[in-house]
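Chemist: what's the 3D shape of this:
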Amino acid sequence: MTARDTRRPTRPSKRRAITLGISALVVAIGAVACDANPRTVDANARTTSSAAATSSSAADATVASGDTATTDGRTTVAQAATAAATTGSTTTTAKPGTTTTAKPGTTTSAAKPTTTTPKPTSAPTTAAAPPPPSGNLSAVAGKIIAIDPGHNGMNWAHSAELSRMIWIGTQYRQCDTAGAAVPGGITETAFNLDVGLRLRSILVANGATVVMSRTDNSGWGPCIDQRAFFGNNAHANVAISIHADGGPVSGRGFMVNAPGNIPGYTDDIYAASHRLGLDIVRAFPSTGMPIASYYCCGGMIERTDFGGLNLSNVPKVLFEAGNTQNPTDGALLGDPNWRQRAAQALAVALANYLAGN
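Modeler: Sure thing, here's the model as predicted:
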């Protein structure tokens, strides 16, 4: 803002008329008056204050999962498309019963998650929520559905038990691990169980029989082989393992891990599991969670290194609902309203699979 003009009018010459001098003086005084008040108000109106921004660095709480994605055993859906089209056998191939051979000298241990108590956070409010997932759930009536909420709340305290190595048909894998966590927020174990219980309620309300690998978050295990066997023993029509990934901070989205085609293990469930995965990929974007940006193949990838899939006799996928390490995904995972949407979308996908859609 410029300084106030304080110049005064010059005194009129004696040779000029008195009336002209008086006119000039009136004009000058008016100009000064008009110049002073608006500028003073403007100075007050432009007074601003700035608030200091604060930030904190949340510790990365990701713990590698016994059934969490690795680069080993990964096959793209595109690479397996031909096999999926030609594989349709319904003959059940017997899997190893309760093989739990331990590898000598194993020292692998599970780390305690940074947070073990859910701390729900609000969902992003930058965009309107999409409409609730909808679909005909009548196809689940009379069916048996196995739900496996991944990991368990006390896994971190049982590193010795979890270090036991189990043969899964392609390699040895650790019994289980502690899982991931949203930094400063909900743990993966709590998320997995919460969505699993919500999904169970929806399915039971629509006539399904539901079996679960765990129904609380206060224990440890079961191991990855038992996470397959409980569905086998129930003669389930379909099974799903629910997880949340611990991916790169910049990566967003959900993904479906489907079993690869392993002769003598998954060849009998390969095609059906693949179809189940596609039904989930079609249904889950209705929650507002996008397809994963940090894995290939349009939301689904085939795995040959997950014990819960390799040892299953029923069509099954391992579903990663979002990335715990991404702030946007983490806010959704911690929101109870969004978790209800996630359960509803999974119910729609299971119904579509069972209906043959």
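Chemist: which SSE is residue 258 in?
Modeler: Following DSSP states H and E, one finds residue 258 within strand 255-259.
Chemist: packing partners of that strand?
Modeler: Applying 3 or more Cβ pairs under 8 Å, 6 or more residues apart in numbering; DSSP states H and E, one finds that strand 255-259 makes contact with helix 270-283, strand 300-303, helix 307-310, strand 316-323. (Glycine included, C-beta is placed from N, CA and C.)
Chemist: for residue 158, which of those is the nearest?
Modeler: Nearest of the helices and strands packed on strand 255-259 to residue 158, taken as Cβ to Cβ: helix 307-310 at 17.4 Å.
Chemist: which positions in the closest one come out as buried?
Modeler: Judged by neighbour count using 16 or more other Cβ atoms under 10 Å, the buried positions of helix 307-310 are 307-310.
Chemist: kindly report the same for stretch 234-253.
Modeler: Under 16+ other Cβ under 10 Å, the buried positions of stretch 234-253 are 234, 236-247, 251-253.
Chemist: and what of stretch 274-290?
Modeler: 274-281, 283-289.
Chemist: can you pull out the strands in the stretch 151-300 of the chain?
Modeler: Counting by DSSP state E, counting those that start in this stretch, the stretch 151-300 of the chain has strands at residues 165-167, 172-174, 209-212, 238-245, 255-259, 300-303.
Chemist: please identify the deepest-packed of these.
Modeler: Mean neighbour count (mean count of other Cβ atoms under 10 Å) peaks for strand 255-259 among the strands of the stretch 151-300 of the chain, with a mean of 29.
Chemist: adjacent strands (with direction) for that one?
Modeler: Strand 255-259 has the following strand partners under DSSP bridges: strand 300-303 (parallel), strand 316-323 (antiparallel).
Chemist: got the confidence number for the nearest residue to residue 150 once chain neighbours are set aside?
Modeler: Computed as Cβ to Cβ, 6 or more residues apart in numbering, the closest residue to residue 150 that is not its neighbour in sequence is residue 243, at 4.1 Å. As predicted, residue 243 sits at a pLDDT of 98.
Chemist: before we move on, what about residue 101?
Modeler: pLDDT, residue 101: 37.
Chemist: could the strands paired with strand 255-259 go into TSV alongside mean pLDDT and distance to residue 147?
Modeler: Listed next are the strands paired with strand 255-259 as TSV, based on pLDDT from 0 to 100; distance: least, Cβ to Cβ, whole Å:
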stretch	mean pLDDT	distance to residue 147
strand 300-303	96	19
strand 316-323	98	11
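Chemist: in JSON lines, list these along with distance to residue 337.
Modeler: Formatted as JSON lines, the strands paired with strand 255-259 follow (distance: least, Cβ to Cβ, whole Å):
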{"stretch": "strand 300-303", "distance to residue 337": "26"}
{"stretch": "strand 316-323", "distance to residue 337": "14"}
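Chemist: nearest to residue 177, of the ones you listed?
Modeler: Among those, the nearest to residue 177 by Cβ to Cβ is strand 316-323 (13.7 Å).
Chemist: hey, what's the residue nearest to residue 150 bridged with?
Modeler: Under DSSP bridges, the beta-bridge partners of residue 243 are residue 320.
Chemist: that one and residue 323 touch, don't they?
Modeler: No - with contacts counted by Cβ atoms under 8 Å, residue 243 stays clear of residue 323, the gap being 11.0 Å.
Chemist: and residue 295, how many residues sit next to it?
Modeler: Other residues within reach of residue 295, judged by other Cβ atoms under 10 Å, total 22.
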